[in-house]
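Chemist: Test case, fold it:
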Amino acid sequence: DKNLFQKLEYAYINNVRNSILFTNGQLLIQDDTYKKLADSGVAIIGVDIDGFSQETYEQIRIGGDFKALKDGIENLYNYVRKCRLNTRVELAYHIYNGVNEKEIDIFVEWCEENGFEYKLVTMHNWAGLRKDVPSNKVDGLIDQHHMKRFSPCSALWAGFSIAWDGRVGLCFQDADLCEE
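Modeler: Residues are numbered from 1 along each chain as shown. Down below sits the predicted model:
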């Protein structure tokens, strides 16, 4: 969205202090975007990571540049720390069975060595209602989306998603706004 920074500025000027921005991180390194995001007043910058090698990363993020992502994350964290900003940066490693689960350990090791905040995320299938989303079971990983009893998501009342075109979704995990 070419007007992203104007929108973020508008939110900040109007006292929105708990905003969260999710990104795939591909443009963080370009034109010092990481600095502009960190300086925008966004409370949390969430960066989604789909693999931890170029080969695996581009299987999911077609045309993605893993090195640019990693450099952008490191620059973002270094900038936030150097400037002592209150911006929280959270990395989310999305796990896809048969594709990237073998790289979880090296991702976690990298985060811990660098003091990066992270979480491991499995596919969200809307409490079993999305049959097109495969159930993710990864041995040894606690999966918050696969409990014995499904219940409505409490995050519905904590936030919402605004798409690049201005459409609003009720859940921040509904990136494509396909849920009604």
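Chemist: Going by C-alpha atoms from here, please, whenever you check contacts or count neighbours.
Modeler: Fine.
Chemist: Pull the number of nearby residues for Cys83.
Modeler: 10 (other CA atoms under 10 Å).
Chemist: same thing with Gln59?
Modeler: 14.
Chemist: how about it, secondary structure?
Modeler: Following DSSP: H, G, I helix; E, B strand; the rest coil, we place Gln59 in the helix state.
Chemist: what's near enough to touch it?
Modeler: Gln59 sits next to Val99 when contact means CA atoms under 8 Å, 6 or more residues apart in numbering.
Chemist: Equivalent analysis for the one 10 residues further on, please.
Modeler: Contacts here follow CA under 8 Å, 6+ apart; on that basis Leu69 touches Asn24, Gly25, Gln26, Leu27, Leu28, Ile29.
Chemist: Just the buried ones among those residues, please.
Modeler: Buried members of these, scored by 16 or more other CA atoms under 10 Å, are Asn24, Gly25, Gln26, Leu28, Ile29.
Chemist: So for Asp71, what's the pLDDT?
Modeler: Here the pLDDT value assigned to Asp71 is 96.
Chemist: just the strands in this structure please.
Modeler: 20-23, 44-49, 88-95, 117-122, 161-162, 168-169 (DSSP state E).
Chemist: weakest of the ones you listed by average pLDDT?
Modeler: strand 161-162 (a mean of 70).
Chemist: if we can go back for a sec, now tabulate the contacts of Leu69 in JSON lines and tack on distance to Glu112 and pLDDT.
Modeler: Formatted as JSON lines, those follow (distance: CA to CA, whole Å; pLDDT from 0 to 100):
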{"residue": "Asn24", "distance to Glu112": "20", "pLDDT": "91"}
{"residue": "Gly25", "distance to Glu112": "19", "pLDDT": "93"}
{"residue": "Gln26", "distance to Glu112": "22", "pLDDT": "92"}
{"residue": "Leu27", "distance to Glu112": "24", "pLDDT": "91"}
{"residue": "Leu28", "distance to Glu112": "21", "pLDDT": "93"}
{"residue": "Ile29", "distance to Glu112": "22", "pLDDT": "89"}
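Chemist: Which single one of these is nearest to Ala163?
Modeler: Asn24 (13.9 Å; CA to CA).
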